[in-house]
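Trainee: next one to model:
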Amino acid sequence: MLKEKTKPSEYLFLHRRFKILILLLAASFVVLALRLFPITLIQGKYYRELSENNFLVPQRLEAPRGTIFDRNHLTIAVSRVTFSVYVSPFKLELQAIHETLTRLSALLNRDVISLEDRLGRLISKWQKVLLAKNLSLAEITPILEEQYNLPGLIVEESFKRYYPAGPATCHISGHLGMIPKSLVSQFLDQNYDPKDLVGIVNIERIYESSLHGRAGKEIVRRDARGRKRDAYVSHPPESGNNVFLTLDLKLQKYAYQQLQGRSGVIIAMDPSNGAILAMVSTPGFDPNDPGSFSEEGSCFLNKAIQEHYPPGSTFKMITCLAALRSGISPEKKFHCNGKFYLPQWNKPFTCFQTGGHGWVNIQEAIKYSCNIYFYQLADAVGAKRLVDCAFQLGLGSLTGVDLSGEVRGYLPLNLAAGLPPGEVILLGIGQGRIATTPLQILNAFCAFANGGRLWTPHLLDRIESPGGEVMIFTDPKYHEIHLSNSARSTILEGLVAAVNEEGGTAYKAGFLRDWKVAGKTGTAQRDLEATDAWFVGFAPYDDPKLAVLVLVEKGGHGGAVAAPLAKNIFGYYFTNWKENPQEDAPNVLSSSTAGKPQHAMAMNGEDF
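Mentor: Predicted structure coming up:
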């Protein structure tokens, strides 16, 4: 059968459809070209850089903390450069990771091959695994020499806090640790990283905001095997500010040596402005490795401010001042025959001098530390005047020292009027219902030494930027207490005699007369078997420059144990600071920089 011929009209229809299809294809190519033109020519650089950024790794640059110095620019705490080693599986085969870990195990002298599975399980291949940290320059150098043959290796510079004096300054400097869980959000709001170490207590904590630096950022370019090719710092890290303390590090170390093998406290302070020159509490801990010590142990307790004790006979200075304020004559004598009976009491209160001291006045009572005299004096003065006087001298209150965890101690402020007679007379010798911190007692003696200024004890002298600009300078604060010249002169005579005259409770310690030390011993009953040994004093008594307190827990008699240690501290002061005045003399604060007023079970105690 013959095939039917296509009609001309059908050819025309097909031709039109073909032309439309050609036009549509041409239009598509034009649109595609128009889209590719800006991408390849106009925005080509942008997309090329975007592609290359797949190999750019942002890296945080840790900033060093500021350094803590003593008054003579000796280092108390500093940040040392250390190195951390990581491995990242980015663009690496398992065999390459295995080879890197095998070689690093040999270089680090530790097994890191066990981390191979962990690296393989990383969800994001940009992540990294820490192999070692706190490496020294000597330890990291062999690794850096082979880094090009160690694909995936990442070496980061970091800082480790170092405390050169170790336990000698632990209760001053404090130490670093992870951010406490309760404070994480607070620190993150201040641009901290969750892994940052922060000050936990004391100077490191109190001045954290000044010491902490600001981290920077580095952009690292790596090749297809994860090896570092080059890098640039987009934001340089900023070091923390430096903190200068009033502390004398040499004196601090010497005081620490004096308490070796003992549990106790030594504090040295400038009575003219409240600057703390030394503060030691034992036992202590090594702030370079605080985790090696039990958190439950007393080594973390700064007994100078966080523990309170019956002050014993060191309180008798306050009893004398309360008596003189109440109008009792300094020549008033009481008789001591070794025993004192309260009315309707069958059991006597005793004096350590079993035969008695005879008739004694206030100066002699201080010199001999006669308990019988002070029982009768306290009975005459009354509890309210005793407590009020003690409170005015700072007992029962926070001193305001710039350290962590200070406690108030205890004074029976609301119970004084109702104290029974037995409690009142015990209060007069620093026993019974009273508990004080060593710093409170020293500060009270400083106020007596300087003529009536109760300073706020402080450790901070100034804060400087890394460039040396003074950011903060301490202006010491004080408030005046009522101390008449006659009352001070009367009590001072007794304090001088206690140290420098034969028969005085501190005389056998051997203080040199040229030092002009005035002071008071204390032997405070802590339980039925043990007594704490105290000494507190200042020198020279006619122009006080140094005040010292020594407390030895369960040490025995103050005159036999605490006073000799105090003598050593005064001896160190007068020997070293007078022989080397330019090197060691206090040069940060002086009385001329004085600040502005701030409106701011009972047992008998013995002394020997």
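Trainee: pLDDT wise, what is Thr102 at?
Mentor: Here, the pLDDT recorded for Thr102 equals 88.
Trainee: show me what contacts it?
Mentor: Ile113 (C-beta atoms under 8 Å, 6 or more residues apart in numbering). From N, CA and C alone the C-beta is placed, and that goes for glycine too.
Trainee: could I get the buried residue list for the strand or helix carrying it?
Mentor: In the assignment (DSSP states H and E), Thr102 maps to helix 94-108. Neighbour-count burial for helix 94-108 flags Ala96, Ile97, Glu99, Thr100, Leu101, Arg103, Leu104, Ser105, Leu107, Leu108 (criterion: 16 or more other C-beta atoms under 10 Å).
Trainee: and the third one, how far is that from Asn109?
Mentor: Translated: Glu99. 18 Å (C-beta to C-beta, to the nearest Å).
Trainee: list the contacts of the strand or helix carrying Leu386.
Mentor: In this structure, Leu386 sits in helix 383-392 according to DSSP H and E. For helix 383-392, the external contacting residues (C-beta under 8 Å, 6+ apart) are 315, 318-319, 321-322, 325-326, 378, 396-397, 411-413, 416-417, 419, 423-424, 427-428, 434, 444, 481-482.
Trainee: can you list the buried residues in that helix?
Mentor: Counting neighbours by 16+ other C-beta under 10 Å, one finds that the buried residues in helix 383-392 are Ala383, Lys384, Arg385, Leu386, Val387, Asp388, Cys389, Ala390, Gln392.
Trainee: return the distance of stretch 372-391 from the chain's centre.
Mentor: 37 Å (C-alpha atoms, centre = their mean, to the nearest Å).
Trainee: the lengthiest strand in the chain pairs with which strands, parallel or anti?
Mentor: Counting residues, the longest strand found in the chain (DSSP state E) is strand 75-87. According to DSSP bridges, strand 75-87 forms sheet pairs with strand 68-69 (antiparallel), strand 129-135 (antiparallel), strand 153-162 (antiparallel).
Trainee: deepest-packed of those strands, please.
Mentor: Mean neighbours per residue, mean count of other C-beta atoms under 10 Å, is largest over those for strand 68-69, with a mean of 23.
Trainee: now the end-to-end length of stretch 273-285.
Mentor: Its start and end residues considered, stretch 273-285 measures 30 Å (C-alpha to C-alpha, to the nearest Å).
Trainee: distance from that stretch to the middle of the chain?
Mentor: Using C-alpha atoms, centre = their mean, the offset of stretch 273-285 from its chain centre is 11 Å.
Trainee: please renumber the chain so that the first residue is 37 from this point on.
Mentor: Sure, I'll start counting at 37 from here, so that last one is stretch 309-321.
Trainee: I'd say Asp284 and Arg107 touch.
Mentor: Yes. The pair Asp284 / Arg107 is scored as a contact, 5.7 Å apart, by C-beta atoms under 8 Å.
Trainee: the buried residues of helix 130-144 into TSV, with extra columns for distance to Leu531?
Mentor: Below are the buried residues of helix 130-144 laid out as TSV (distance: C-beta to C-beta, whole Å):
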residue	distance to Leu531
Ala132	78
Ile133	75
Glu135	77
Thr136	72
Leu137	71
Arg139	72
Leu140	67
Ser141	68
Leu143	66
Leu144	63
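Trainee: just flag the most distant two among those residues.
Mentor: Distances among the buried residues of helix 130-144 were taken as C-beta to C-beta; the most separated pair is Ala132 and Leu144, at 18.1 Å.
Trainee: give me the most central residue, this protein.
Mentor: Per C-alpha atoms, centre = their mean, the C-alpha nearest to the average position across the chain is that of Asn238, at 2.2 Å.
Trainee: which residue packs closest to that residue, ignoring adjacent ones?
Mentor: Spatially, and ignoring its direct neighbours in sequence, Asn238 is nearest to Gly210 (3.2 Å; C-beta to C-beta, 6 or more residues apart in numbering).
Trainee: just give the number of residues close to the one you found.
Mentor: 27 (other C-beta atoms under 10 Å).
Trainee: give me the phi and psi for it.
Mentor: Taking degrees, to the nearest 10, you get phi 80, psi -160 for the backbone angles of Gly210.
Trainee: what strand or helix carries Ile508?
Mentor: Element membership for Ile508 (DSSP H and E) is strand 506-509.
Trainee: Leu362: neighbouring residues, count only.
Mentor: Check again: residue 362 is Ser, not Leu. As a burial measure, Ser362 scores 14 neighbours (other C-beta under 10 Å).
Trainee: so what's it up against?
Mentor: Applying C-beta under 8 Å, 6+ apart, the residues contacting Ser362 are Ala416, Val417, Gly418, Arg421.
Trainee: which SS class is Lys590?
Mentor: Using DSSP: H, G, I helix; E, B strand; the rest coil, the structure places Lys590 in coil.
Trainee: hmm, it is touching Gly300, no?
Mentor: No. Applying C-beta under 8 Å, one finds Lys590 not in contact with Gly300, separated by 9.1 Å.
Trainee: average pLDDT across the helix or strand that contains Ala304?
Mentor: Per DSSP H and E, Ala304 falls inside strand 300-305. Regarding strand 300-305, the rounded mean pLDDT is 98.
Trainee: nearest to Leu531, of the contacts of Ser362?
Mentor: Among the contacts of Ser362, Val417 lies closest to Leu531 (C-beta to C-beta), at 19.1 Å.
Trainee: quick check: that closest one vs Pro273, distance?
Mentor: Distance from Val417 to Pro273, by C-beta to C-beta: 62 Å.
Trainee: look at the two and report which has more neighbours.
Mentor: Ranked by neighbour count (other C-beta under 10 Å), Val417 and Pro273 place Val417 first, with 25 against 18.
Trainee: okay, domains of this protein per the record?
Mentor: Following automatic domain parsing, one gets these domains for the chain: 93-281, 285-628.
Trainee: ok, Glu529 - contacts?
Mentor: Counted by C-beta under 8 Å, 6+ apart, Glu529 has contacts Gln399.
Trainee: helix, strand, or coil at it?
Mentor: Here Glu529 is recorded as helix under three-state DSSP.
Trainee: can you give me the end-to-end distance of stretch 213-225?
Mentor: Note: stretch 213-225 ends 18 Å apart using C-alpha to C-alpha.
Trainee: coming back round to it: highest mean neighbour count out of the domains of the chain?
Mentor: Greatest burial across the domains of the chain, using mean count of other C-beta under 10 Å, falls to domain 285-628, with a mean of 20.
Trainee: what about this protein, any weak spots by pLDDT?
Mentor: Counting by pLDDT under 70, the chain contains low-confidence ranges at 37-51, 69, 71-91, 156-162, 258-264, 329-333, 614-644.
Trainee: mind listing the helices for the stretch 487-636 of the chain?
Mentor: With DSSP state H, counting those that start in this stretch as the criterion, the stretch 487-636 of the chain has helices at 521-536, 599-615, 617-620.
Trainee: will you turn those into a markdown table that also has distance to Phe54?
Mentor: Shown next, in a markdown table, are the helices of the stretch 487-636 of the chain (distance: least, C-beta to C-beta, whole Å):
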| stretch | distance to Phe54 |
| --- | --- |
| helix 521-536 | 120 |
| helix 599-615 | 109 |
| helix 617-620 | 103 |
